[in-house]
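Engineer: kindly return the folded structure for what I paste below:
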Amino acid sequence: MSTPGPFGGSNPLDKLLRDLLNVLSAGPVNWDVARQVAQAVAAEGGDANVDPLQRIRAEELLRVAELRVADATGLSPSVTGRSLTVKAVVPREWADLALAAWQPYLERLAEGVTVSMPPPEVEDTPASGGPDLLHNLPQMMMSALFGMQAGTMAGQQALSALGQYDLPIPRPASDELVIVPSTIATFATDWSLPVDDAVLWVCVRDVTSHAVLGVPHVRARLEQLIADYAGAFRADAGTLEGQLGSIDPFDLGALQSALEDPGALLGSMQTPAQANLRPTIDALVAAIVGYVDHQMDSIGRHLIGSYGPLTEALRRRRLEVGEDEQFVARLFGLELGRSQYERGAAFVLGVLERGGDEALARLWQSPRDLPTPAEIDAP
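Structural biologist: Modelled structure (predicted):
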């Protein structure tokens, strides 16, 4: 027979109290909550494992893409010197990997918002004469709320993700590229296009992106800019009060409804610090996406039989992303609308017109070669 101790017994109340303490002491973001929510949201994309034949075929196509990208760009797609490998996943697995990649940025964001919140008012309850803990419970549970929001974002993004670099956000250094074969196959079938062509298209895009973001100073610069942008979020007391102030913290239905919109908790207004960072982020991201698109056109036209209609469909798809995907990108300071892609394409064309392929190859050679906002518009 077990002997109950302070929150250490086996009865349901002890378990409830332990769970509550875990929620309240989880740091700026409760990652256990985030993962559970992400799994629940991404489960809409199916829970079946990836067909081994799909994985084998993706490995073969990745090898072709790796060789072509290395030849065309002069960049090493590998960060270790070994060949790239495929990690073929289903949406719920993609969500887990995305959360791990986004963790340092989201923690910076949560810390910035939390420290900027006004301190809770301490009131005495008529019954006890002590502090009203229930009144302050929403503030105490911010880490759980951030976890719910992070999980919702990752889960929603996972339902549409084709691969690792739908968003040009650096992932942990690795020679393993993540793709979602089921989502790629569904897209290709819907457009009556060859599935292998679509998988190869995603491989070429992601290998090129991986090669650029594998350049140490490019990776370090973009990581620092995204982290600084996320850390510059500040709480809008009026927004928080409007979203959370009237919610009973024990009414789970009302809480879930309030958090269905990713902007409910994290949709603070842009701060002056973020506004100052945006031109630099926009310039670097425009150069990256413009370069990737250019190399894809150079490689893909000779490699992928249905490259024309496939590219038109996929590039249209990226411009028609929903509000949820747009919100995730903007949360990290990335504005990926039509104007940004056109700006990147114009920059690359300008570099080629003035200096040819040699000038374009110099783009990633050193930190001082990264374009400034003015140079993006006047190469």
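
Engineer: which parts of this protein are strands?
Structural biologist: Using DSSP state E, the strands found in the chain span residues 85-88, 176-179.

Engineer: a markdown table please, covering the ones you listed and showing mean pLDDT and mean neighbour count.
Structural biologist: No exception for glycine: its C-beta is placed from N, CA and C like everyone else's. Formatted as a markdown table, the strands of the chain follow (pLDDT from 0 to 100; neighbours: other CB atoms under 10 Å):
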| stretch | mean pLDDT | mean neighbour count |
| --- | --- | --- |
| strand 85-88 | 95 | 20 |
| strand 176-179 | 96 | 21 |
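
Engineer: nearest to residue 366, out of these?
Structural biologist: strand 176-179 (26.0 Å; CB to CB).

Engineer: picking that back up, would a markdown table of the strands of the chain with distance to residue 366 be doable?
Structural biologist: Formatted as a markdown table, those follow (distance: least, CB to CB, whole Å):
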| stretch | distance to residue 366 |
| --- | --- |
| strand 85-88 | 30 |
| strand 176-179 | 26 |
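
Engineer: ok, which stretches of the stretch 1-150 of the chain are helices?
Structural biologist: 12-24, 31-42, 52-73, 91-116, 137-140, 142-158 (DSSP state H, counting those that start in this stretch).

Engineer: show the contacting residues for residue 70.
Structural biologist: Residue 70 sits next to 76, 77, 211 when contact means CB atoms under 8 Å, 6 or more residues apart in numbering.

Engineer: ok, so of those residues, who is nearest residue 105?
Structural biologist: Using CB to CB, those come closest to residue 105 at residue 211, 22.2 Å.

Engineer: ok, which of the strands of the chain comes nearest residue 196?
Structural biologist: Once these are compared by CB to CB, strand 176-179 is nearest, at 12.7 Å.

Engineer: for the closest one, packing partners?
Structural biologist: strand 85-88, helix 195-213 (3 or more CB pairs under 8 Å, 6 or more residues apart in numbering; DSSP states H and E).

Engineer: please redo it, this time with the cut-off set to 6 Å
Structural biologist: strand 85-88 (3 or more CB pairs under 6 Å, 6 or more residues apart in numbering; DSSP states H and E).

Engineer: re the thing from before, so for residue 189, which of the helices of the stretch 1-150 of the chain sits nearest?
Structural biologist: Across the helices of the stretch 1-150 of the chain (criterion: CB to CB), the nearest stretch is helix 52-73, sitting at 13.5 Å.

Engineer: tell me the angle that closest one makes with helix 195-213.
Structural biologist: With axes from the mean of the first three to the mean of the last three CA atoms, to 10 degrees defining the directions, helix 52-73 sits at 50 degrees from helix 195-213.

Engineer: in helix 52-73, what's buried?
Structural biologist: 54-55, 57-58, 61-63, 65-66, 68-70, 72-73 (16 or more other CB atoms under 10 Å).

Engineer: against residue 29, how distant is residue 107?
Structural biologist: Separation of residue 107 from residue 29 (CB to CB, to the nearest Å): 6 Å.

Engineer: tell me which of the two has more neighbours.
Structural biologist: residue 29 (27 against 19; other CB atoms under 10 Å).
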